[in-house]
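>>> Dropping a prediction and its sequence here:
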Amino acid sequence: MGLFGEAKLLARGRDWRGRSRTPRSAEPFAPVRAPREFPTAWARTPAAGAVRTAIQRGVLRPLVWSQTSPEVSGLDLIEGVTGPVIFIANHASHLDAPLILGSLPGRFTRRMAVGAAADYFFDARWRAGLTALVFNAFPVERQGSRRLRSLAPRLLDEGWNLLLFPEGTRSQDGWMNQFRLGTAQLCCTRGVPAVPLAVRGSFAAMPRGRNWPRPDRPKVALHYGRPVRPDPDESMRHFNERLCAAASRLWVEEDLGWYGSLRAQARGAVALPTGPAGAGWRRVWESTRPLPDPRPRDVWDRRR
Amino acid sequence: MSRPGFVLEVDERTPPLLVHQGEGFRLEQFPLGTKVIYPPESLPGIRDVDGAIDHALRHPHGMEPLPELLRPGMRLTIVFDDISIPLPPMRTPDIRQRIIEAVLEMAAAAGVDDVELLAANALHRRMTPAELKRTVGERVYASFWPDHLRNHDAEDRANLTHLGQTRHGEDVEINRRAAESDLIVYVNVTLTAMSGGDKSVSVGLASYRSLRAHHNVHTLRHSRSFNDPPSSAMHHSYARMAGVLDEHIRVFTVETTVNNDTFPAHVGFLNKREWEWTLADQAAYLAVRRANEVTPAKLRRAVWHKTVAPYGITGIAAGLPAEVHPLTLERVHRQQLTEVDGQSDIAIMGLPYICPYNVNSIMNPILVMCLGMGYFFNLYRGRPIVRQGGALIMYHPMRNEFHPVHHPSYIDFFEEVLAETTDPATIETKFEEQFATDPWYVHLYRNSYAYHGVHPFYMWYWGAHAMEHVGDVIFVGADRTAAARMGFRVASTLADALEMARDTVGSSPSISYLHTPPLTMADVR
């Protein structure tokens, strides 16, 4: 083999500086480092709170309300609620948190922290910082393996309201999934009430994969329910079932109306809304069907 | 701190790896998944070697301090390992020189007049005066050569003493001067785990009559491996002989171990792991390889044999051989042992330009076989690297060249014996006696610089265990005629060799590459 051939062989697997990557089996043993929690305490300071309120009320809410047509019901049911409370909602879109924060009265949102997936929102520092500032987000571990200690109990103790999505992730098809036990456990151990709410139409407005709501200001509906309090000797599994039932009823409230949904629940006809059985496309098809919009038609708008 | 040895698994990140190939080397891209056995990195050498020697002589294991063993009027014989170790030879001053000088200082202080120095060369060729001078140093050479600094002569009947037989009927016959000495100080360099201990005197100063007891096909086939003394029938024999020797002679052994600094700085890349080569290493690789290729063969060999190793000394221990040797073995293992998980279907080895029997000489085909299937194959503890019936792929040009002065009996062995059979047992029965007692070979051994007539037989027996164990032997880049004479097949490239090995090990074999030198001993679990 000539010199050129030798040099070519030598250069195989090396970069332009002549450096080779270390074969995997030759890499030195490195102990797995405990994940470092992104510090979020700064986002709960009064200054950050003021900035957040300005962003939420001055930018986020007008923006979301300009791109969607939210309909909010049931806020009267939480008028008398004081003290830390956990808002739990189904989760189908990145629109959910801005919609909920935009729809709630300021007395809740000023002291509101939002649980956000640690592996999604807190993997890059810029994203973590932005999420913490705008939503007062704190990291929530979705996989139990990394053993980050949750901030939620401490926040409740400090008097913060929480907004949690107990499904753990955004829905794949727009329908609801079973609630995980974390929220129920939090309510039971801390003795705080949970306010269930259902968000309808957000999946149709901005499903996974979209980063902006679809045009035409699609309708989204938020139905708040009555606060649910854990009984002193209630197991967290039972309480979780009650939360699930409450959220499911609020879900069908959009279709059946308030009284209709109550009657359906009394009949035992309200189950977890998981969509039609059968092929996956049918569930997506149904969940993206536009919500009935009672608004009068704009005769000058040709697109409608 | 030196990093331990490890087994690399070739992945897509692995650059081509270095393979020794006689008086040269090459880069080879191994198949993905190949296990590459690397030795531990070189251990740090002792800084104050002379201080360590002095301490070892004054604080021996299981014996009185050396100055207390020396007295006026005694017969003192200093025996030292010959040129066959370490490999490559050590940068001067040789550790043997330093130890011998320290011993002689003490002997002079104690008033010892009758001092003899013997090279323990057994049936190896005599060391030349220049080689002796290089080993023992200028002062010792000037003071003792030629009357009191000699090579051991295993054919000098008048100067051999038969000390008895072991319970297995093995003759113990050693150099008369040593046998009649009041004290033998044995100066050893333990390069691999097979050397030192009981082997030193019972082999180094023995005669053919004594050596044939353990240097035979049966013993070597039951030495698994001969680098692991507890599992080596050969070492069991040495131990029995040492039992007889202990009744007649007193040995104060000084054992030393070296680290893995095998190659000097200008070819320092040979000591490094390939993915850690700097640009300077890569440039040195290209330059040395290119220069190596264009250099005439004779000059190339001369240059390689002029290469000396900047070994560091990792330990010196003195005293009773039985107490010293375990400490030595522990140090050798610390430097060379790499744990390997399981055997492979194919073992690959790159054979370098040197083996114990061609220092300042030519590596003939028989020595190539001995280095590969003898020494390298047996660099294991537990189980061989390759499974029973597997294939052995080795790199060496294996030129059909012999040194006419050093290896005369090898030429006849190659031309006459191997032409008839390659079976070690048949060779032993049919030809050994004839070669061992041939007066011309004996004459050349005693008066020229020839290896003993029986030595090529021992080389062949050295590979007997491997020949029995493996199903196929393929040499990459070897001379076809020479390889065919010895019953091996030849491939041009590794890909061809792997293709040829399919018949033996199937189409998706597991492969291990023993990345040595520097020396690596596989601890196969």
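Received the coordinates, thanks. Numbers count the residues shown, from 1 in each chain, chains lettered A, B, ... in the order given.
>>> Need the three-state assignment for the residue nearest to residue B:295 when sequence neighbours are not counted.
In space, not counting the residues next to it along the chain, residue B:295 is nearest to residue B:303; the distance is 6.9 Å by Cβ to Cβ, 6 or more residues apart in numbering or on different chains. Bear in mind the C-beta positions are built from the backbone N, C-alpha and C, glycine included. Counting by DSSP: H, G, I helix; E, B strand; the rest coil, the backbone at residue B:303 sits in helix.
>>> Just give me the neighbour total for residue B:436.
22 (other Cβ atoms under 10 Å in any protein chain shown).
>>> Am I right that it is in contact with residue B:454?
Yes. Contact criterion Cβ atoms under 8 Å: residue B:436 and residue B:454 qualify, at 3.8 Å.
>>> Find residues that contact each of those two.
Contact criterion Cβ atoms under 8 Å, 6 or more residues apart in numbering or on different chains; residues shared by residue B:436 and residue B:454: B:208, B:212.
>>> check which helix or strand covers the closest residue to residue B:50 other than its chain neighbours.
Excluding the flanking residues, the one nearest residue B:50 by Cβ to Cβ, 6+ apart is residue B:98, at 6.3 Å. In this assignment (DSSP states H and E), residue B:98 forms part of helix B:95-110.
>>> list the buried ones in that helix?
B:95-104, B:106-107, B:110 (16 or more other Cβ atoms under 10 Å in any protein chain shown).
>>> Would you format those residues as a markdown table with pLDDT and distance to residue B:493 included?
Below are those laid out as a markdown table (pLDDT from 0 to 100; distance: Cβ to Cβ, whole Å):
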| residue | pLDDT | distance to residue B:493 |
| --- | --- | --- |
| B:95 | 96 | 41 |
| B:96 | 96 | 42 |
| B:97 | 96 | 45 |
| B:98 | 96 | 46 |
| B:99 | 97 | 47 |
| B:100 | 96 | 48 |
| B:101 | 96 | 51 |
| B:102 | 96 | 52 |
| B:103 | 96 | 52 |
| B:104 | 95 | 54 |
| B:106 | 96 | 58 |
| B:107 | 95 | 58 |
| B:110 | 95 | 63 |
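>>> Just the closest of these to residue A:4, please.
Ranked by distance to residue A:4 (Cβ to Cβ), the buried residues of helix B:95-110 are led by residue B:95 at 43.8 Å.
>>> hmm, back to that, how far away is the residue nearest to residue B:50 from residue B:46?
The spacing between residue B:98 and residue B:46, counted by Cβ to Cβ, to the nearest Å, is 11 Å.
>>> Residue A:294 too?
On the measure of Cβ to Cβ, residue A:294 and residue B:46 end up 93 Å apart.
>>> ok, now residue B:358?
Residue B:358 sits 30 Å away from residue B:46, going by Cβ to Cβ.
>>> neighbour-wise, which of the two wins?
Just comparing residue B:358 and residue B:46: by other Cβ under 10 Å the higher neighbour count belongs to residue B:358, 23 against 17.
>>> quick one: low-confidence parts of chain A?
Applying pLDDT under 70 to chain A picks out residues A:34-35, A:144-149, A:297, A:301-304.
>>> For it, give the helix that spans the most residues.
helix A:236-267 (DSSP state H).
>>> Tell me the first helix or strand C-terminal of the strand or helix carrying residue A:132.
Assigned by DSSP H and E, residue A:132 belongs to helix A:125-135. Using DSSP H and E, the next helix or strand after helix A:125-135 towards the C-terminus is strand A:137-140.
>>> next structured bit after that next one?
Note on strand A:137-140: by DSSP H and E, the next helix or strand toward the C-terminus is helix A:152-157.
>>> export that following helix as CSV, just CAs?
Extracted C-alpha coordinates of helix A:152-157, given in CSV (Å, rounded to 0.1, in the frame of the first residue of the first chain):
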residue,chain,number,x,y,z
ALA,A,152,-45.5,20.6,44.4
PRO,A,153,-45.9,19.9,48.1
ARG,A,154,-43.6,22.8,49.1
LEU,A,155,-45.5,25.1,46.8
LEU,A,156,-48.8,24.2,48.3
ASP,A,157,-47.3,24.8,51.7
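>>> can you tell me the distance between the two ends of stretch B:348-358?
One end of stretch B:348-358 sits 22 Å from the other (Cα to Cα, to the nearest Å).
>>> next one: stretch B:393-406
28 Å.
>>> and that stretch, anywhere near chain A?
No. Using Cβ under 8 Å from any Cβ of the partner chain, stretch B:393-406 stays clear of chain A, with a minimum separation of 14.4 Å.
>>> quick one: buried residues of that stretch?
For stretch B:393-406, using 16+ other Cβ under 10 Å, the buried residues are B:393, B:394, B:395, B:396, B:397, B:398, B:399, B:401, B:402, B:403, B:406.
>>> In the stretch 301-450 of chain B, what residue lies closest to chain A?
In the stretch 301-450 of chain B, the residue that lies nearest chain A is residue B:341 (11.6 Å; Cβ to the nearest Cβ).
>>> For the closest residue to that residue other than its chain neighbours, give me its contacts.
Once flanking residues are discounted, residue B:341 sits nearest to residue B:525: 5.8 Å by Cβ to Cβ, 6+ apart. With contact taken as Cβ under 8 Å, 6+ apart, residue B:525 is in contact with B:339, B:340, B:341, B:342, B:382.
>>> So among those, which ones count as buried?
When neighbours are counted using 16+ other Cβ under 10 Å, the contacts of residue B:525 contain these buried positions: B:340, B:382.
>>> from the contacts of residue B:525, which ones fall inside helices?
Per DSSP H, the subset of these in helices is empty.
>>> quick one, strands of the stretch 101-250 of chain B?
B:114-120, B:149-151, B:160-165, B:171-175, B:183-190 (DSSP state E, counting those that start in this stretch).
>>> quick one: residue B:256 is in a helix?
No. Applying three-state DSSP, one finds residue B:256 to be strand, outside a helix.
>>> now it, which residues is it bridged with?
residue B:189, residue B:316 (DSSP bridges).
>>> what about it, neighbour count?
Other residues close to residue B:256 by other Cβ under 10 Å number 30.
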